[in-house]
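*Asks:* fold the following and give me the result.
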Amino acid sequence: MQNSRLFWGILLIIFGFALLADNIFGLSAWDMIWRFAPVLIVVFAVWTYIKQPKSIAFSLIVGLFGILLLLRNFDVINVNIFSLWPLALIGIGFMILFRGINARVRKEKIESFTDTTIFAGSKKVINSDVLNTVNLYTLFGSSELDLSDCDLSGTVEIETTVVFGEIKLKLPKNVVVANEVMAVLGEVKNKAEAGDNVKKGSSQKATVLVKGAAVFGSVELSK
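*Replies:* Sure thing, here's the model as predicted:
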């Protein structure tokens, strides 16, 4: 939550100074904001990689996308946004390089799960009693992960990063959910509030800490 306050505080300060310069000096504040907006995408990509080095493929694609938009805004290159779809192929290539071995792990015994979706849709179900870390990265796509049959214990950390897309998480009934997802021009739907949808007689065995960011996208939590 501290990261969220820091982000919005800095963002409001920048917008305030830009609008003040527009009102006093007659500068085109909105033009400046639009031109430099892709810098936020690049910063977001770097921030994602620093927080989770395993997201290198996702971070590279998002960062490259932001750089191309920045160059386009300053007329360095003339490119149509829709012509950037080959970035999806590049992302898949990196996924094969960095995640090919992990793909053979049996889901029933998996402790850490990472899924990257770029210009595509993904639906997966995991049934594991040793899961402790989940990383979901979605760019221009949709990712659905069902953990409702997992027998979780302790604290399970789920990192969700979505840009222009959506991530849906279905969690077990008997867990406490701590939502720390930051929305940047996006939405976080928490339908799995602590204490909701808990079966009678079941004990809350685990805490699920959901972190990350939704940029021009949404993250939905349910049980």
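*Asks:* what's the helix or strand for the most centrally placed residue in the chain?
*Replies:* What sits nearest the mean C-alpha location of the chain, by Cα atoms, centre = their mean, is residue 161, with 0.8 Å. Assigned by DSSP states H and E, residue 161 belongs to strand 154-163.
*Asks:* next one: residue 207
*Replies:* In the assignment (DSSP H and E), residue 207 maps to strand 206-215.
*Asks:* against residue 51, how distant is the nearest residue to residue 136 once chain neighbours are set aside?
*Replies:* Ranked by Cβ to Cβ, 6 or more residues apart in numbering and with sequence neighbours excluded, the top spatial neighbour of residue 136 is residue 160, at 5.0 Å. Where you see a C-beta, it was placed from the backbone N, CA and C, and this is true even at glycine. Look at residue 160 and residue 51: by Cβ to Cβ, to the nearest Å, they are 12 Å apart.
*Asks:* what do you get for residue 122?
*Replies:* From residue 122 to residue 51 the distance is 21 Å (Cβ to Cβ).
*Asks:* re earlier: what's the strand holding residue 207 packed up against?
*Replies:* For strand 206-215, the elements it packs on are helix 38-51, strand 154-163, strand 175-184, strand 218-222, judged by 3 or more Cβ pairs under 8 Å, 6 or more residues apart in numbering; DSSP states H and E.
*Asks:* 10 Å - rerun?
*Replies:* Applying 3 or more Cβ pairs under 10 Å, 6 or more residues apart in numbering; DSSP states H and E, one finds that strand 206-215 contacts helix 2-25, helix 38-51, strand 133-139, strand 154-163, strand 166-170, strand 175-184, strand 187-190, strand 218-222.
*Asks:* deepest-packed of those, please.
*Replies:* The highest average neighbour count among the helices and strands packed on strand 206-215, using mean count of other Cβ atoms under 10 Å, belongs to strand 133-139 at a mean of 24.
*Asks:* returning to that earlier point: partners of the strand holding residue 161 in the sheet?
*Replies:* If you go by DSSP bridges, strand 154-163 pairs up with strand 133-139 (parallel), strand 206-215 (parallel).
*Asks:* then the helix or strand that the first one is followed by to CSV, C-alphas only?
*Replies:* Okay, so that is strand 133-139. The helix or strand immediately downstream of strand 133-139 is strand 142-146, counting by DSSP H and E. Taking C-alpha atoms only, strand 142-146 is exported to CSV below (Å, rounded to 0.1, in the frame of the first residue of the first chain):
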residue,chain,number,x,y,z
SER,A,142,-6.5,-12.6,-20.4
SER,A,143,-5.2,-14.9,-17.7
GLU,A,144,-7.4,-17.1,-15.5
LEU,A,145,-5.9,-19.2,-12.7
ASP,A,146,-8.0,-21.6,-10.5
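*Asks:* now strand 142-146, how far from the centre of its chain.
*Replies:* 12 Å (Cα atoms, centre = their mean, to the nearest Å).
*Asks:* brilliant, that's me finished.
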